[in-house]
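>>> coordinates only, sequence not included:
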Ligand code: TNX
């Protein structure tokens with residue numbers, strides 16, 4: 001009886017809300033657009049009579065229209081029809097509708113304009129990507145309400161991102177996450193205006209990408225027999241952990257990301273962090289093994305042997321398939337945390353050093369320069385395929401040429417140094433951008449994590465362009481990224497909790513001009529993001545508002 005009563009009551013409640021409420025949009029979104037000019041014209045009333053209109057025959061705009069349709073329907077209960085019209089009708093279609101247009105006068109590749117008056121809404125971008133970002137802004141400005149009418153105050157918004165590379169990284173190697181979650185992560189990125197998904201696919205604890213020529217990588221390298229509990233406490237869960245993405249799944253994810261204007265940058269970490277691969281093909285290591293897919297975390301001495309030709313054949317074969325799947329110009333080849341213990345004692349590596357005339361120089365050991373040789377060979381190979389390498393800042397310590405993009409992770413200093421050397425740089429300093437770290441010093445109220453402390457204010461405060469950099473060096477700082485390593489993050493909800501709402505803070509670093517940033521304003525505006533996270537069922541960390 002009580003249940004019946006509750007049902008009637010909730011139906012009445014939702015109906016009365018629908019009938020009475022006119023909800024109002026707010027353009028105070030995250031990231032905040034560059035210019036928001038409120039107009040004196042009356043508001044536009046978005047309702048059941050509104051259509052989304054775009055040029056017929058323009059497949060990209062049709063897709064954009066479908067995204068907008070889907071977002072509006074998801075947030076409200078309005079399903080706006082999409083109408084495709086001829087060029088001459090597009091201008092006239094503005095009245096009462098939302099028109100999507102390409103405007104050549106808008107110069108930035110990702111820039112857009114939103115013009116709203118009582119007559120209608122015109123969204124224009126220099127490219128379809130710009131229109132997509134406008135749609136994200138519009139989506140975030142809508143109220144979350146089951147309503148049939150939304151008041152859109154008259155406004156002129158002009159916007160453009162500060163950086164061309166706006167990334168999030170995700171480590172699927174330490175813990176495997178299924179295709180659905182990877183797509184959700186891409187959706188989360190799209191909501192925050194990001195455009196590069198750096199995907200860490202291989203590591204000591206698991207190889208996650210199917211390579212047809214080396215089937216054992218997936219068969220053997222993707223499974224570890226058990227996982228350490230706590231912080232390498234030498235107690236194990238006695239449960240195998242595995243999983244890999246088939247090439248078909250990867251292609252599907254690449255396409256899914258591309259529809260959202262996100263490029264997937266795959267990372268195959270080499271020559272270190274390779275024990276999963278060595279377990280499958282022990283002949284590629286200096287000692288020949290046997291090896292075991294690692295069951296605990298850290299930096300390990302076994303790395304690829306740089307003295308044998310078969311190692312390079314292996315790397316090239318793997319990269320052939322990687323390039324086939326991922327169209328990204330940048331291919332991440334890792335390069336971090338490669339100890340040289342094995343190379344020092346490996347006759348083949350030592351012979352290679354002699355043969356190639358490699359010598360220690362500039363504080364770099366012969367082995368460090370051997371990593372330089374290794375990386376340069378891979379770099380040339382990829383260059384032949386029209387690709388360029390990106391790697392961790394350790395590459396600066398082993399003499400690679402400046403066509404390598406450097407990802408600055410041990411703070412921002414290596415990035416600044418790389419820029420003065422004329423490398424392109426992505427800033428991802430662990431002190432600001434490691435989302436696997438704690439979010440406060442109240443560790444007792446957080447799950448067990450790797451360590452560190454990156455409160456959201458800290459992330460928000462990051463300025464990628466060091467004052468010491470000259471104007472021309474500054475042009476080498478291509479963008480900013482945050483990283484989610486997953487040694488201690490085994491479930492989607494914890495991954496969400498770690499990145500939200502820090503992703504919002506990152507988005508403002510990536511998108512906004514520094515003088516426009518304001519943490520207190522962000523904190524307020526992020527409240528609506530919180531509602532959106534909730535709406536999607538994504539976990540988030542509440543500390544920002546406590
Ligand atoms: C360092 S960042 C690593 C990763 C770990 C991470 C944990 C980098 C290039 N290497 O292998 O997962 O720290 O925070």
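That came through fine. On a predicted model such as this, the values are computed, not experimentally measured, just so you know.
>>> in the stretch 201-350 of the chain, what residue lies closest to the ligand?
residue 336 (3.4 Å; Cβ to the nearest ligand atom). C-beta coordinates here come from the backbone N, C-alpha and C atoms, glycine included.
>>> wait, that residue sits on residue 273?
Yes: the pair residue 336 / residue 273 is scored as a contact, 7.2 Å apart, by Cβ atoms under 8 Å.
>>> looking at these two, which one has more neighbours?
Remark: of residue 336 and residue 273, residue 273 carries more neighbours, 26 against 17, as counted by other Cβ atoms under 10 Å.
>>> with adjacent residues omitted, what lies nearest to residue 334?
residue 269 (3.0 Å; Cβ to Cβ, 6 or more residues apart in numbering).
>>> who touches that neighbour in this structure?
200, 202-203, 332-336 (Cβ atoms under 8 Å, 6 or more residues apart in numbering).
>>> picking that back up, contact partners for the residue of the stretch 201-350 of the chain closest to the ligand?
Counted by Cβ under 8 Å, 6+ apart, residue 336 has contacts 269, 272-273, 391-394, 409.
>>> could you check which helix or strand contains residue 522?
In the assignment (DSSP states H and E), residue 522 maps to helix 519-536.
>>> now that helix: buried residues?
522-523, 525-526, 528-530, 532-533 (16 or more other Cβ atoms under 10 Å).
>>> so which elements touch that helix?
helix 128-141, helix 456-460, helix 502-511 (3 or more Cβ pairs under 8 Å, 6 or more residues apart in numbering; DSSP states H and E).
>>> ok, and for whichever helix or strand comes after the shortest one, which residues are buried?
So the one you mean is helix 456-460. Sequence order places helix 471-474 as the next helix or strand after helix 456-460, per DSSP H and E. Buried positions in helix 471-474, judged by neighbour count with 16+ other Cβ under 10 Å: residue 473.
>>> pull the distance from helix 471-474 to the chain's centre.
25 Å (Cα atoms, centre = their mean, to the nearest Å).
>>> which other helices and strands does it contact?
helix 413-420.
>>> parallel or antiparallel, list what pairs with the very next helix or strand once past the helix it packs on.
For helix 413-420, the following helix or strand on the C-terminal side (DSSP H and E) is strand 425-427. Neighbouring strands of strand 425-427 in its sheet, by DSSP bridges, are strand 405-408 (parallel), strand 477-482 (parallel).
>>> avg pLDDT for strand 425-427?
Across strand 425-427, the average pLDDT comes to 98.
>>> and if you look at stretch 154-172?
98.
>>> try stretch 370-387
Mean predicted lDDT for stretch 370-387 stands at 98.
>>> before we move on, what about stretch 461-469?
pLDDT averaged over stretch 461-469 gives 97.
>>> check which helix or strand covers the residue nearest to residue 334.
Here residue 269 is assigned to strand 263-270, by DSSP H and E.
>>> who's in contact with the following helix or strand past that strand?
Scanning forward in sequence from strand 263-270 by DSSP H and E, the next helix or strand is helix 275-280. Contact with helix 275-280 is made by 173, 202-207, 214, 216-217, 219-222, 224, 284-285, 289-294, 300, 302, 304, as judged by Cβ under 8 Å, 6+ apart.
>>> then stretch 539-546?
With Cβ under 8 Å, 6+ apart as the criterion, stretch 539-546 contacts 439-440, 455-456, 493-494, 496-498, 500-502, 523, 526-527, 530, 533-534.
>>> 10 Å instead?
Stretch 539-546 is contacted from outside by 438-440, 442, 445-446, 455-457, 460, 491-505, 519, 522-524, 526-527, 529-530, 532-534, using Cβ atoms under 10 Å, 6 or more residues apart in numbering.
>>> ends of it, what's the gap?
16 Å (Cα to Cα, to the nearest Å).
>>> what residues sit buried inside it?
So, applying 16+ other Cβ under 10 Å, buried residues of stretch 539-546: 539-541, 543-544.
>>> now that stretch: average pLDDT?
96.
>>> what separates that stretch from the chain centre, distance-wise?
On Cα atoms, centre = their mean, the centre of stretch 539-546 falls 21 Å from that of its chain.
>>> show me what from the stretch 401-546 of the chain comes close to the ligand.
409, 434, 436, 450, 485, 487 (Cβ under 6 Å from any ligand atom).
>>> in stretch 404-421, which residues are buried?
So, applying 16+ other Cβ under 10 Å, buried residues of stretch 404-421: 404-409, 412, 414-419.
>>> residue ranges with poor pLDDT in the stretch 351-500 of the chain?
Applying pLDDT under 70 to the stretch 351-500 of the chain flags no residue at all.
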